[in-house]
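A.B. asks: need a 3D model of the sequence below.
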Amino acid sequence: MEKTINRTAKKEAVELAFKIGFESEASKTNCAQATFHAISTVLGIKNPQIFKSLYSLAGGGAASTYGSCGAFSGAMVTFSLFLGRTYAQWEEGKRGAESSKLADAFYKKFIDRFG
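C.D. replies: Residues are numbered from 1 along each chain as shown. Model prediction:
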């Protein structure tokens, strides 16, 4: 059985997220917000507060171009929103959220592609 994301074939969902993110950053700027928008749109769940909080992460943070890539940061925030450790898990000292596994895989692909 083929894996799906929000009732869309996984490969198509990933391609759609890439397209939405690329077009959003090109037309509206802010790589962190564009990345969050793209992934959350494909997943069908938007969060206006988190979207707003990503604004200052663009351009490496404060548009400085010296920090972490906004697109990378936006993806990490999105993974954590959907798969990250909850407040209750944090208070209990639990580790190993699924977001860390996904983030690690994304990091390796990101470095391979963008250096």
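
A.B. asks: please identify the helix or strand for the residue positioned nearest the centre of the chain.
C.D. replies: The centroid of the chain falls nearest to residue 75 when counting by Cα atoms, centre = their mean (1.9 Å). Here residue 75, judged by DSSP states H and E, is contained in helix 70-83.

A.B. asks: what residues does the helix or strand just after that helix touch?
C.D. replies: On the C-terminal side of helix 70-83, the nearest following helix or strand under DSSP H and E is helix 87-91. Residues outside helix 87-91 that contact it (Cβ atoms under 8 Å, 6 or more residues apart in numbering) are residue 97. C-beta here means a position set from N, CA and C on the backbone, and glycine is covered the same way.

A.B. asks: which ones are touching residue 14?
C.D. replies: residue 5.

A.B. asks: quick check: the residue nearest to the centre of the chain touching residue 106?
C.D. replies: Yes. The criterion here is Cβ atoms under 8 Å, and residue 75 meets it with residue 106 at 5.8 Å.

A.B. asks: what pairs with the lowest-mean-pLDDT helix or strand in the chain, parallel or antiparallel?
C.D. replies: None of the helices or strands of the chain scores lower by mean pLDDT, DSSP states H and E than strand 4-5, at a mean of 81. Paired strands of strand 4-5, with direction, are strand 8-9 (antiparallel) (DSSP bridges).
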